[in-house]
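Colleague: Need coordinates for the below:
(chains A and B)
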Amino acid sequence: MFRFILHRLGMAVPTLLLISVMVFALIRFIPGDPALLMLGDMADAQSLAQMRSSLGLDHSVVTQYLIWIKSVLSGDLGVSISTRQAVLPLLFERFSVSATIVLVAVALATLIAVPVGLFAAWKQDSAMDLGLVAGATLLLSIPSFWLGLLLLYAFGIKLGWLPVVGYVTFADDPLKAITYLVLPIVTLTLVEFGAIARMARASTIEVLRLDYIAHARAKGLSEGAVLWRHALRNAFAPTWTLVGLILGNLLGGIAVLETVFTLPGVGRLMVDSIFARDYPVLQGCLLLITCIYVFVNLCVDLLYPLFDPRVKL
Amino acid sequence: MHHYVKKTLYVGVPTLSLCFAALTLQAGEPSLIKVGFNGDIRSTEPGVNRDENSDAFIMHIVEGLVAYREDASVGPMLAKDVAISDDGLTYTFTLREGVKFQNGKSLTAEDVKWTWQRYLDPKTQWRCLPEFDGRGVSKILDISVPEPLKVVFRIDQPNGVLLATMSRPDCGGSGIVHPDSVAADGTWIAPIGTGPFTLGQWKQGQYVELNRFKDYTPRAEAKPDGFTGNKQAFVDRVRFVVIPDAASAKAALLSGGVDVLPDVTAMDEAELKNVAGMQVRISPVMTLGGLLFQTRDPLLGDVRIRRAVALSLDYSQMVATLSNGLSAVNNSIIPTTSAYYDATAQKGYPHDLEEARRLLKEAGYHGQPIKLIVNKRYPQMFDMGVLSQAMLQSVGVNIVLETMEWGAQLERYQSGNFQMMAFSYSPRFDAALSYESVTGNKDKEPRKVWDNPKALVLLREAQSESVAQKRQALFDQLHTLMLADVPMVMIYNGTSIGVVKDGIEGYRSWPISKPRLWGVSLAATSK
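Modeller: Residues are numbered from 1 along each chain as shown, chains lettered A, B, ... in the order given. Coordinates of the predicted model:
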C-alpha cells in the first residue's frame, strides 16, 4: 500500500506541474486587465502602465510564470492584487469555511441517502420506491441557489429562527457558528442526497440480482442480514466513488451557496478573483482545487478495498 | 387581598427585574447600525487600491480640505475658507481650529503638506495623481505652510476643477491623514484621519466596522451637507456587512440582518416600499448611462448613421423601463442634478423615425450588422442594449448584441475596439469632468469617444475657467456640438435607491450615491 501511495503521489507531481502551466496561461488568455479593473473608466495610459508595472504584469508571461512557480516551490503563493493579502493564509482561511460545510453536508447526505437507496432497492417498484425515487430526483433537479433561497426565506425571514447572512467562526462563538452553518449545510445535504440515494439504489438493485444474494437468502438469512451484511458492502463501492467525486467537486468551492449565504469560502474567493482578474489568488485557488482532487481521489482509492473485497492495492 | 399581593409579587417582581435588566443591558450596549455592501473593501488607504465600496467606507474616516455638498457643489471641509488668487494660480486654505486626528493630535498645515506630498509621490500610487502632476489640467508646483493653520498650493495653469477634483471620493476625498498612518518605511498601516468614525474591525470577506470618534470636531453648520457640514456621528458602531448577492441582501434586510441597504434595484424598490417597517430613500445620481459609438468605424464613422440611431430611440419609454419610472431622460453628458444642467442641456434628440430612415437611406445603409457590446454584471447596461436593439429594428438597423464579462468589456472600451457599446460612466461631479471623460484625441487615448478639435478647445477653456457664467456658456456650446456630432447617445442618469428599516433616522440618498452614516441615529439612541 505504501508503494501505491508513493506511486500515486509521484504521478501527482507532473499533473500539478502541467496544471500550473495551463492555469497560468489560461488565466492570462481571459480578456480583461487587473490594472484596468482597479483604475476603472478614468484610467489614462501612463497610470495603467504604472499600475501594471507595480503588479509585475509588465514582464513577459513566461517570466511571470517562472517567478510565480519559484515562489510556489518555496511555499509562497504570492500576494493578492486586490487586497494585498498573502494568498496562502487567505486560501487556508477560506478553505476551512468551505470544507466545514462540505464535509458535514456530504457525510449527512451519505448517512441518510445510502439506507434510503438500499431500502428503495429492496422495495423496488413499490409505491414507497417510486416515492423515494421521485423525491430524490426532485432534490437532484432543484438548483442549489434556489433551494438555499427558499430555506433562507422560510427559516430566516418568515420564522426568524436562523440568521440570514453572515458567518461566525467556531473559535469566536461555537453555538453562534452552528446557527450560521445550519442552512447552508441543510441545503447542500438535500441537494447531494438525491444523487447519492439514486446511485445507492441503482447499485443495490444490481447487487440484489446476483447469485450470491440468492444463495444467502436460500441459506435462510434474514432480509436484514442479506441487505446489510451482503448487499450493502458490494453496492456501496460505486456509491463511494460517487461520494469521492462529489467531495472533490464541492471542496473546490460551493460558490453559489457561499454567495447566497454570504459565507467567506473558497468558492466565493475564486469568483471574486475572476471578476477582479486577481491572478495570484485565482492561480492559488485552482492549484488548491487540483491538490484537493488528487488527495480525495487518493483517499477514495485507498478506502475502496474496505467496501469491495475484489480490489487489492 | 393577601392572595392578590402574593400574585402581584410573584408576577410583578420578576417582570420588573427583567425589564430593569433589559434596560440596563440596552443602556450599556453600544448602538450599532448594519449596512449591506455588495462587496468587500479593497484597502483602507484613501484613493489607493480602491473601488466604490472602499471609497464609501474611507470617506467616514478621513476628510479633505474641501468636500462635495449635498447638491454636488464644492464646499470647505477641513478648511475654514479657501482663497483663490486673481490669476487662479494660488489657492490658500485656512484650516479650522481645534480639529483633532483620531490619535488625539491636532491638525496642522504641516500635516496637510505631508499628506499631499505623499499623494504626489508616484510610489504611493494615488489614483488621482495624474490630475495634479501635469497630465491633467494643471500641475501642483509647490505646497507651502506660511502659518500653522494656513497651507498654500501653487499651480502652473488656472484650473476650474481643482477643488472638484480634490473632493472626488475616488481620490479618497484627498483625505488628510496623520503621519502615524504610515510606517517608517513608508508602508500603509491604517488611516488616522479627522472624520467622525475610526477604523474598527475588518473581517475580510465578511464585514468591516467603524467606531464612533468620540472627540470628533464637527463643523459649525447645523446639519450634514453632503460630505461636509456637521458630520457628528450618533451611533457607536457601523458595520458594513458584505453581501454580494442581491436576493440575499434583500433577505437580510427583511430578517433584520442589516438595517440599511444603500443601493437596491428599481425592481426591489417597487417591492420593498410596500413592506411594513421599510422606508425608501431615492435620489437621482450622476452616473452617465448611454450608447457609445466608435466614430472611426467604417460604418459608424458616418454621422448620418449615428444620428439615425439617436433619432430612432424612444427615450421616454426606454428610461421608464430601465429605471422603473424613477429617472428622467437626459441626452446631455451633464447630469440632471448638476448646477450646469440648464435649458440648453435639456435639449435632446427627438424621436423621429421618418428622419432616421431618410438618413440611413442617404448614408447607403442596407442592414449591415452593427455589434453592440453589453454585459450582465450591470443589468441596466444589458437592458439598455436589448431595448436599443428592439427599437432600432423598427428603422432597419441590424444590431447584434455581443455579451461580455465586464472586465472584457472594459478592456474593449479602453482600447476603443468596438462598434457600439452600452456603457455607464462612474459619476463625475463637475460638468467639465463629465466632458473630459469622453472628449480627447483618439490617437493618444483610444477610450475617448469624442475626438473633435473644436470640442477640445472648448473643454480646455471650461477646465481653466472658474467663473460659473462663463463656464455655463462653454458647456452650452459643447452640448450643442455634441448633439450634432453624435459620438455617443446619452440616455439617462441613474438613481440611488436606499432602503432603511424603521427606526433609522437621518439616512438619505443623494446625487453622489455613497452611503453616509454620520448624522444617522437609531430611534432609541438619537435623543
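
Colleague: dump the residue contacts of residue 110.
Modeller: Since you didn't name a chain, this refers to chain A. Counting by CB atoms under 8 Å, 6 or more residues apart in numbering or on different chains, A:Thr110 makes contact with A:196, A:239, A:243. For the C-beta atoms, the positions are set from N, CA and C on the backbone; glycine is no exception.

Colleague: should've been chain B
Modeller: With contact taken as CB under 8 Å, 6+ apart, B:Glu110 is in contact with B:145, B:148.

Colleague: which stretch of helix or strand covers it?
Modeller: helix B:109-120 (DSSP states H and E).

Colleague: next one: B:Val35
Modeller: B:Val35 is part of strand B:32-37, with elements assigned from DSSP H and E.

Colleague: any idea which helix or strand comes after that strand?
Modeller: Taking DSSP H and E, what comes next after strand B:32-37 is helix B:52-58.

Colleague: How about the residues of the stretch 201-313 of chain A by chain B?
Modeller: Within the stretch 201-313 of chain A, the positions near chain B by CB under 8 Å from any CB of the partner chain are A:259-262, A:264, A:268-269, A:272, A:275, A:277.

Colleague: Helices of the stretch 51-200 of chain A, residue ranges please.
Modeller: Listed in chain order, the helices of the stretch 51-200 of chain A (DSSP state H, counting those that start in this stretch) span A:61-73, A:87-122, A:127-141, A:144-151, A:174-208.

Colleague: Next, the buried residues of the helix or strand harbouring B:Val457.
Modeller: Element membership for B:Val457 (DSSP H and E) is helix B:453-464. Of the residues in helix B:453-464, B:455-456, B:458-464 count as buried by neighbour count, 16 or more other CB atoms under 10 Å in any protein chain shown.

Colleague: State whether B:Ile373 is indeed within a helix.
Modeller: No - counting by DSSP: H, G, I helix; E, B strand; the rest coil, B:Ile373 falls outside a helix, being strand.

Colleague: I figured it hits B:Met420, correct?
Modeller: Yes - between B:Ile373 and B:Met420 there is a contact at 7.1 Å, judged by CB atoms under 8 Å.

Colleague: Give me the more crowded residue out of those two.
Modeller: B:Met420 (30 against 22; other CB atoms under 10 Å in any protein chain shown).

Colleague: low-confidence ranges in the chain?
Modeller: Picking chain A for this. For chain A, the stretches with pLDDT under 70 are A:253, A:309-313.

Colleague: that's the wrong chain, I meant chain B
Modeller: Looking along chain B with the criterion set at pLDDT under 70, you get B:1-28, B:524-527.

Colleague: In it, spot the strand with the most residues.
Modeller: strand B:278-293 (DSSP state E).

Colleague: Residue of the stretch 151-300 of chain B closest to chain A, please.
Modeller: B:Gly205 (3.5 Å; CB to the nearest CB).

Colleague: what's the helix or strand for that residue?
Modeller: Per DSSP H and E, there is no helix or strand for B:Gly205.

Colleague: now do the same end-to-end measure for stretch B:173-187.
Modeller: End-to-end distance for stretch B:173-187, by CA to CA, to the nearest Å: 20 Å.
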